[in-house]
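# my questions concern the predicted model and sequence given below.
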Amino acid sequence: MSDPFHDELRTAVRALCSDYGNDYWQAADEASAYPHEFVDALTEAGYLACLIPEAYGGMGLGVREACVILEEINRSGANSGACHAQMYTMGTLLRHGSDEQKGRYLPAIASGELRLQAFAVTEPDAGSDTTRTRTFAERRGDRYVVKGQKVFISRVRQSDLMILLARTTPREKVEKRTGGLSVFIVDLREAGDRIRVGPIGTMINHESCEVFFDSLEVPAENRIGEEGSGFRYIMSGMNAERILLASESVGDGFYFIDRASDYASARRVFGRAIGANQGVQFPIADAYMDIRAAAAVRDEAARAFDAGEKRGDGPNMAKYLASRAAWKAANAAMDTFGGWGMASEYGIERKFREARLYLIAPVANNLVLSHVATHVLGMPRSF
Ligand SMILES: Cc1cc2nc3c(=O)[nH]c(=O)nc-3n(C[C@H](O)[C@H](O)[C@H](O)COP(=O)(O)OP(=O)(O)OC[C@H]3O[C@@H](n4cnc5c(N)ncnc54)[C@H](O)[C@@H]3O)c2cc1C
């Protein structure tokens, strides 16, 4: 059932995105440039602060509304990857930070004066298995000294603040493997040469970097919550992230379907529209239904999250189903466009590359299968 407020939100986001068409995104992609103008426009409109409570200057909306925003952005052909983390990275701070920390940072994040759109979790030897995190934050008086390396840290060069997951107790000294990890807010403006950042070239324009910490000093007051409980704090943020990125996949899926069905209806081969051939129309219809189904699971997960559900089942399933549905739609669109699918001017090949990311990140789909097999269906764990 459609919700009038959501419909209004969709229309407004669609209107904003219409100023940034395929040419804009294509040029950014070719130059590997950060889409500053687009991100500034979203910030000014307040959308990136939609999850921040009104008391801190945000819109005070729920994850359901954030889903609408991100879905529409991607449906327009834009790439939410440039900005989505400004919406949800602050969730770790909002849910687990002290009142003092929230008061210090959230109003400036809400206004866009401060960008908190980098979160540093992944390491060369700690991707799917976060408990292998080696970056170490050693307590020395009123500070922590951080040494280590992170990889694939997106938007760090466009952030003032970064959420960092680091080990504070060696892995061999903790009872539970998820213990001994802590979360910090790192002020990148004060880091100087204690942080070195270098881009990682990828098949999409995503501003992902490797980050080295050379004895970076972080004030103890910047630790979020209790020392050693960081894994739980990060996971609570990841549930929101999975639902939101599922929405980007849903948006991508609709983007491909919109374009493929239009093209199939217009393109004439052998004297008739290619879309009149069932070999062309069926894969598009098939992918469309998968996207609708994934959107329904995403909606259910978003509603549950907003109602306080902490489990990861819904967010994981939404992310898995939406990423696969988008990928099916991407391939249907590629086939429909024939050779033109590969020509950058049609916007299919760029989106095809972008949609592929979500099968791997923010969590690889095999890990979702493992979660459902063991946590939902109760089968034995393999790791
Ligand atoms: C463009 C991009 C942006 C990113 N941005 C960020 C970011 O901002 N911050 C951040 O912290 N991270 C970020 N990441 C990292 C991302 O979260 C990881 O790539 C992802 O979690 C997978 O980790 P990995 O690449 O080390 O793969 P690995 O853990 O090495 O896994 C490799 C493959 O093996 C499979 N596999 C592993 N173990 C099992 C198992 N037990 N059973 C079955 N299959 C298994 C996985 O499914 C995967 O397909 C980003 C990645 C990319 C590509």
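Alright, I've got the coordinates.
# residue 118: what secondary structure?
Here residue 118 is strand, with the state taken from DSSP: H, G, I helix; E, B strand; the rest coil.
# and the pLDDT at it?
pLDDT for residue 118: 97.
# pretty sure it is touching residue 155, no?
Yes. Residue 118 is in contact with residue 155 according to C-beta atoms under 8 Å; the separation is 5.2 Å. Any C-beta I mention is one placed from the backbone N, CA and C, and that applies to glycine too.
# any shared contact partners between the two?
Here residue 118 and residue 155 have residue 85 as joint contacts, going by C-beta atoms under 8 Å, 6 or more residues apart in numbering.
# tell me which residues touch the residue in the chain positioned nearest to the ligand, please.
Nearest to the ligand in the chain, going by C-beta to the nearest ligand atom, is residue 127, at a distance of 1.7 Å. Shown in contact with residue 127 (C-beta under 8 Å, 6+ apart): residue 364.
# give me the most central residue, the protein.
In the chain, the centroid-proximal residue (C-alpha atoms, centre = their mean) is residue 245; its distance is 4.8 Å.
# residue contacts, that one?
So residue 245 contacts 70, 84, 319, 322, 358, 362 (C-beta under 8 Å, 6+ apart).
# separation between it and residue 171?
The gap separating residue 245 from residue 171 is 28 Å, by C-beta to C-beta, to the nearest Å.
# what's the answer for residue 36, then?
40 Å.
# of the two, which one has the most company?
A side-by-side neighbour count of residue 36 and residue 171, using other C-beta atoms under 10 Å, places residue 171 first with 14 against 11.
# can you give me the neighbour number for the nearest residue to the more buried one once chain neighbours are set aside?
Nearest residue to residue 171, sequence neighbours excluded (C-beta to C-beta, 6 or more residues apart in numbering): residue 180, at 6.5 Å. When neighbours are defined as other C-beta under 10 Å, residue 180 has 23 of them.
# need phi/psi at residue 180.
Residue 180 adopts backbone torsions of phi 80, psi 10, taken as degrees, to the nearest 10.
# pLDDT score for it?
With respect to pLDDT, residue 180 scores 98.
# likewise for residue 2?
Looking at residue 2, its pLDDT reads 82.
# helix, strand or coil for it?
Recorded secondary structure, residue 2: coil (three-state DSSP).
# same check on residue 178?
What three-state DSSP gives for residue 178 is coil.
# can you name the helix or strand that residue 288 falls in?
In this structure, residue 288 is located in helix 278-306 according to DSSP states H and E.
# the biggest helix by length in the chain close to the ligand?
Secondary structure of the chain read by DSSP state H shows that its longest helix is helix 230-266. No. For helix 230-266, no contact with the ligand is found by C-beta under 6 Å from any ligand atom; the gap never falls below 9.1 Å.
# tell me what angle that helix forms with strand 116-120.
For helix 230-266 against strand 116-120, the angle by axes from the mean of the first three to the mean of the last three C-alpha atoms, to 10 degrees is 110 degrees.
# separation between the residue of the chain positioned farthest from its centre and residue 277?
Centroid-distance maximum for the chain: residue 271 at 43.9 Å, with C-alpha atoms, centre = their mean. According to C-beta to C-beta, residue 271 stands 12 Å off from residue 277.
# and if you look at residue 116?
Distance, residue 116 to residue 277, using C-beta to C-beta: 50 Å.
# how far away from the center of its chain is stretch 231-246?
Taking the mean of its C-alpha atoms, stretch 231-246 sits 9 Å from the chain's own mean (C-alpha atoms, centre = their mean, to the nearest Å).
# what is the rounded mean pLDDT of that stretch?
The pLDDT scores in stretch 231-246 average 95.
# what residues of that stretch count as buried?
231-234, 236-246 (16 or more other C-beta atoms under 10 Å).
# same thing with stretch 40-53?
Buried residues in stretch 40-53 (16+ other C-beta under 10 Å): 41-43, 45-52.
# in CSV, list the C-alpha atoms belonging to that stretch.
The C-alpha trace of stretch 40-53 is given here as CSV (Å, rounded to 0.1, in the frame of the first residue of the first chain):
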residue,chain,number,x,y,z
ASP,A,40,26.2,19.1,-1.7
ALA,A,41,22.7,19.3,-3.1
LEU,A,42,21.5,16.3,-1.1
THR,A,43,23.1,17.7,2.0
GLU,A,44,21.4,21.1,1.5
ALA,A,45,18.1,19.4,1.1
GLY,A,46,18.6,17.6,4.4
TYR,A,47,18.3,14.1,3.0
LEU,A,48,21.6,12.9,4.4
ALA,A,49,20.5,13.9,7.9
CYS,A,50,17.2,12.1,7.6
LEU,A,51,18.1,9.6,10.3
ILE,A,52,19.4,12.2,12.8
PRO,A,53,16.8,13.1,15.4
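# hmm, who's touching it?
By C-beta under 8 Å, 6+ apart, the residues outside stretch 40-53 that reach it are 12-13, 16, 19-20, 39, 57-63, 65-66, 69, 73, 83, 86-88, 90-91, 94, 106, 109-112, 240.
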